[in-house]
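> Requesting a structural model of the entry that follows:
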Amino acid sequence: MKKIKISISLSEYAEGEALPKGDELLINEATTALETSYAPYSQFSVGAAVLLENGEVIRGSNQENTAYPSGLCAERVAIFTAKSKYPKMAIKAIAITAHTDNFEINTPITPCGACRQVIAET
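This next block holds a predicted model:
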């Protein structure tokens with residue numbers, strides 16, 4: 001049996017606290033990805049951006065469908081796009097942003113279980 005250790009780390013910054021430049025740029029890319037979100041049912045737009053080892057940034061946004069659960073989360077859109085373009089390139093970081101007019105978002109947005117599984121495997 002081969003044992004593999006998977007670890008994930010994250011940083012949470014207080015509002016107004018300066019982010020490292022690279023993190024700020026990645027979050028800005030994820031925020032830009034919100035513009036392509038298709039969320040007419042949940043009204044909850046999510047944007048994601050993945051940074052690859054080669055410096056390339058790939059964006060993704062959630063895509064809903066009336067035939068729920070046929071839609072796809074922003075994280076998986078970004079990761080699957082990155083892996084289809086650069087199949088052997090490792091992912092260094094991912095940023096996730098969200099927006100809704102229906103309520104105030106006061107806590108970090110975390111990936112769903114399916115996205116966590118995909119992130120763990122990539």
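
> Run through the bridge partners of the most centrally placed residue in the chain.
The centroid of the chain falls nearest to Ala48 when counting by CA atoms, centre = their mean (3.1 Å). Listed beta-bridge partners, Ala48: Gly60, Ile96 (assigned using DSSP bridges).

> Return the distance of it relative to Ala14.
Separation of Ala48 from Ala14 (CB to CB, to the nearest Å) stands at 22 Å. Where you see a C-beta, it was placed from the backbone N, CA and C, and this is true even at glycine.

> can you give me the strands for the protein?
All strands of the chain, identified by DSSP state E, fall at 45-52, 57-61, 91-99.

> tilt between the first one and strand 57-61?
Relative orientation of strand 45-52 with respect to strand 57-61: 160 degrees, computed using axes from the mean of the first three to the mean of the last three CA atoms, to 10 degrees.

> same for strand 45-52, what does it pack against?
Packed against strand 45-52 by the contact rule (3 or more CB pairs under 8 Å, 6 or more residues apart in numbering; DSSP states H and E) you find helix 21-33, strand 57-61, helix 74-85, strand 91-99.

> can you list the residues that contact the second one?
Judged by CB atoms under 8 Å, 6 or more residues apart in numbering, the contacts made with strand 57-61 from elsewhere in the structure are 25-26, 29-30, 32-38, 45-52, 74-82, 85.

> so how far is it from its chain's centroid?
Put simply, strand 57-61 sits 8 Å off its chain's centre (CA atoms, centre = their mean, to the nearest Å).

> Report the angle between that strand and helix 21-33.
Strand 57-61 and helix 21-33 are oriented at 40 degrees to each other (the same axes, to 10 degrees).

> send the alpha carbons of strand 57-61 over as CSV?
Taking Å, rounded to 0.1, in the frame of the first residue of the first chain, the C-alpha atoms of strand 57-61 are listed here in CSV:
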residue,chain,number,x,y,z
VAL,A,57,-4.1,32.0,-14.5
ILE,A,58,-7.3,30.2,-15.5
ARG,A,59,-10.7,31.6,-14.6
GLY,A,60,-14.0,29.8,-14.0
SER,A,61,-17.5,30.7,-13.0
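
> Many thanks, have a good one.
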